[in-house]
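Peer 1: Predicted model, plus sequence, below.
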Amino acid sequence: MWAITFEFLSGAIMAYMITRIPFLTFPRVKSWNEQFPPHPEPIFVDAHLIQRLMHMRLFYWLALVFAIIPLTFGWFSLAHGSAPIGFGMWVVSGWLVLSRITAVIAGEQAPWNKQLAMRLQIVRNESESEKSCCNLPYPIWEVSAVRCRTCGKNLLNESRPDLGRPRGDGWIMGFIRLILTDGKAIVAPDEEE
Ligand SMILES: [Zn+2]
């Protein structure tokens, strides 16, 4: 019984890790993050940030492509090897595929999405226009909202999801936190002012 449970869990964990490879590894390469301040400091809202948001969105959806790996291995394992490992892989990767598809059908948004990128772009445009919050607008994305560093005005009530920077809380803790949150913002956005 213990052996079966262990094999099932190994299959499940393996599938979980494989489907998170794009999101956990690709954006965290050092050369990819030199234009950004280190995590968890606020990030200046510019073209780089908006581009990063779109990349994170891509990695989020790439998980569906990566789910093919554990689905295939799981199938082989079910047919020719250890059934519990194969079943574990199928449960986790199947769940990922189903939950992402149902989220699309239900109209739920990924933590990184086009609407968010567009709203950040509007913040950028406004800070460069005559409607800007102050004379020296400097919008930065803090943990719970986008604010102007000069005047402190709240410019956008969106808490910051993970943006793929190497984690400031250490490799292991950062890794565990990313696995648990799946990159979603941990803090709720500020109340409307
Ligand atoms: Zn300002």
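Peer 2: Ah, there it is. Residues are numbered from 1 along each chain as shown.
Peer 1: secondary structure element for the nearest residue to I69 once chain neighbours are set aside?
Peer 2: Sequence neighbours aside, I18 is the residue nearest to I69 in space, at 5.2 Å (criterion: C-beta to C-beta, 6 or more residues apart in numbering). The C-beta positions use only the backbone N, C-alpha and C, and glycine is treated the same way. Element membership of I18 [criterion: DSSP states H and E] is helix 2-25.
Peer 1: For L78, list the residues it contacts.
Peer 2: G86, F87, W90 (C-beta atoms under 8 Å, 6 or more residues apart in numbering).
Peer 1: so who does the residue lying closest to A47 once chain neighbours are set aside touch?
Peer 2: Counting by C-beta to C-beta, 6+ apart, A47 lies nearest to R124, which is 8.0 Å off, once chain neighbours are set aside. Taking C-beta under 8 Å, 6+ apart, we find R124 in contact with V45, D46, A47, I50, P139.
Peer 1: any idea how far the residue nearest to I69 lies from A79?
Peer 2: Distance, I18 to A79, by C-beta to C-beta, to the nearest Å: 19 Å.
Peer 1: These two - which one has more neighbours?
Peer 2: Shown here are I18 and A79; by other C-beta atoms under 10 Å, I18 has more neighbours (20 against 9).
Peer 1: Hmm, the more buried one is touching L71, no?
Peer 2: No. The criterion here is C-beta atoms under 8 Å, and I18 misses it with L71 at 9.9 Å.
Peer 1: which neighbours do those two share?
Peer 2: What both I18 and L71 touch, as defined by C-beta under 8 Å, 6+ apart, is the set S93.
Peer 1: for stretch 27-42, what is the average pLDDT?
Peer 2: Mean pLDDT, computed over stretch 27-42, is 90.
Peer 1: And for stretch 88-96?
Peer 2: Mean predicted confidence for stretch 88-96 is 95.
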